[in-house]
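In: no FASTA, just this:
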Ligand code: FEO
């Protein structure tokens, strides 16, 4: 496999683990506010990000590529109100989409059809990730700014449960 693609795949393990860290930080922020539903939502999100990292790692292992684990950055976002993490999450997902698109672009250039096929799952996933993040913002703006509305949203987010990703082998 093209060295540049292998490096980008390796980097993506780190980026996905950073995403898990960022979402854990958000989960902690909401936990401190006793918004347990929002806290749960981002805890589940962190678990999904860890899965994404493992999917990249496994793909590298299965292709005989050497994985180099690197230090994960400390999450350094500052949250000043209930809306901040929601906005930062949406921005972050758009950034992740750009990373996936970049690997896809390199794979396409290199005629690395296997990696393109592997990445297809992530291309679809990023559409869902952006959509969910935008919905979180919009619903907060619509309903979350009075106490009862926020309470009901928080209750709803309490119901989110982790499910392992389904990927065609
Ligand atoms: Fe791993 Fe939220 O994308």
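Out: Nice, I can see it. Worth saying up front: this structure is predicted, and the values here are computed from it rather than measured. Numbers count the residues shown, from 1 in each chain.

In: contacting residues for the residue of the chain found nearest the ligand?
Out: For the chain and the ligand, the shortest gap (CB to the nearest ligand atom) falls at residue 52, measuring 3.8 Å. Every C-beta, even on glycine, is put in place using the N, C-alpha and C of the backbone. For residue 52, the contact set (CB atoms under 8 Å, 6 or more residues apart in numbering) comprises 16, 19, 122, 125, 165.

In: Now the buried members of these.
Out: Buried members of the contacts of residue 52, counted by 16 or more other CB atoms under 10 Å: 16, 19, 122, 125.

In: quick one: secondary structure of the first one?
Out: It stands for residue 16. helix (DSSP: H, G, I helix; E, B strand; the rest coil).

In: my read: it touches residue 49, true?
Out: Yes. Proximity of residue 16 to residue 49 meets the contact threshold set by CB atoms under 8 Å, at 5.3 Å.

In: shared neighbours, these two?
Out: By CB under 8 Å, 6+ apart, no residue touches both residue 16 and residue 49.

In: Show me the shaky parts of this protein.
Out: Across the chain, residues meeting the criterion (pLDDT under 70) sit at 168-169.

In: The ligand contacts on that one?
Out: With the criterion set to CB under 6 Å from any ligand atom, the chain comes near the ligand through 16, 19, 49, 52, 93, 96, 129.

In: Next, check those residues against the strands and list the overlap.
Out: Of the residues of the chain next to the ligand, none are assigned to strands by DSSP state E.
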